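Peer 1: model this:
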Amino acid sequence: MRAFIAVELSEAVRNALLSFLREVKLLDAPVRWVRPEGMHLTLKFLGEISPSRVAEVSSTLDDVAARHSPFSLEFVGTGTFPAKPQSPRVIWSGIAQSRPMESLHLDLEKGLEAIGIPRETRRFHPHLTLGRVKSPRNLEAALKFVYSQEQTAFGSMSVHSVDLYKSTLKPEGAEYSRIHGASLS
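Peer 2: Prediction:
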């Protein structure tokens, strides 16, 4: 099964981001926008794991979460990956720098590596994917709007848990199911 570890968004942050999406969608860009129920902050994409490993991953997640206290995250700005190119692939909302988030991510990488799940080779850049660009045509107005929101605050939230999700690919987009939650202590 395809799996990942993520933080669920608060309703207030989700609503602020949905307001942004309503505005940018009016510009009719060739972007597959994230559905409201699909909004989450991914900490680690695991890829394909066997169902038999769920208990081991869940136990590691519990161990890591128990070593961290709840913390706040602030969602600020929008941008693209790659940054401001001719052909961006992803439109995202950013997260203000958070040492507790970075520490949690690092411990998660170490814990998962200890059970045979390789570390991510790219630098951790916490973000929330808002859309995936389908075509570089007719993007100008949408990108102008996205880049004009680089400093926009979308709110803050407290993080009290991290969750293991299963991702099922469907023609209308991925469907996510929470299979384990681990509370921060």
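
Peer 1: quick one: contacts for the residue sitting nearest the centre point of the chain?
Peer 2: When C-alpha atoms, centre = their mean is applied to the chain, the residue found nearest the centroid is residue 41 (2.8 Å). With contact set as C-beta atoms under 8 Å, 6 or more residues apart in numbering, residue 41 has these partners: 6, 7, 9, 73, 95, 126, 127, 128. Yep, even glycine has a C-beta here, placed from its N, CA and C like the rest.

Peer 1: one more time with 7 Å
Peer 2: 6, 7, 9, 126, 128 (C-beta atoms under 7 Å, 6 or more residues apart in numbering).

Peer 1: my guess is the first one meets residue 42, correct?
Peer 2: Yes: with contacts defined as C-beta atoms under 7 Å, residue 6 counts as touching residue 42 at a distance of 4.8 Å.

Peer 1: So between those two, which is more surrounded?
Peer 2: Legend: neighbour count by other C-beta atoms under 10 Å for residue 6 and residue 42, higher for residue 6 (19 against 14).

Peer 1: gap between residue 45 and residue 4?
Peer 2: 5 Å (C-beta to C-beta, to the nearest Å).

Peer 1: Looking at those two, which is more packed in?
Peer 2: residue 4 (18 against 12).

Peer 1: so where is the protein shaky, pLDDT-wise?
Peer 2: 85 (pLDDT under 70).

Peer 1: Please enumerate the helices of it.
Peer 2: Remark: helices assigned in the chain by DSSP state H are 11-25, 54-66, 99-114, 140-148.
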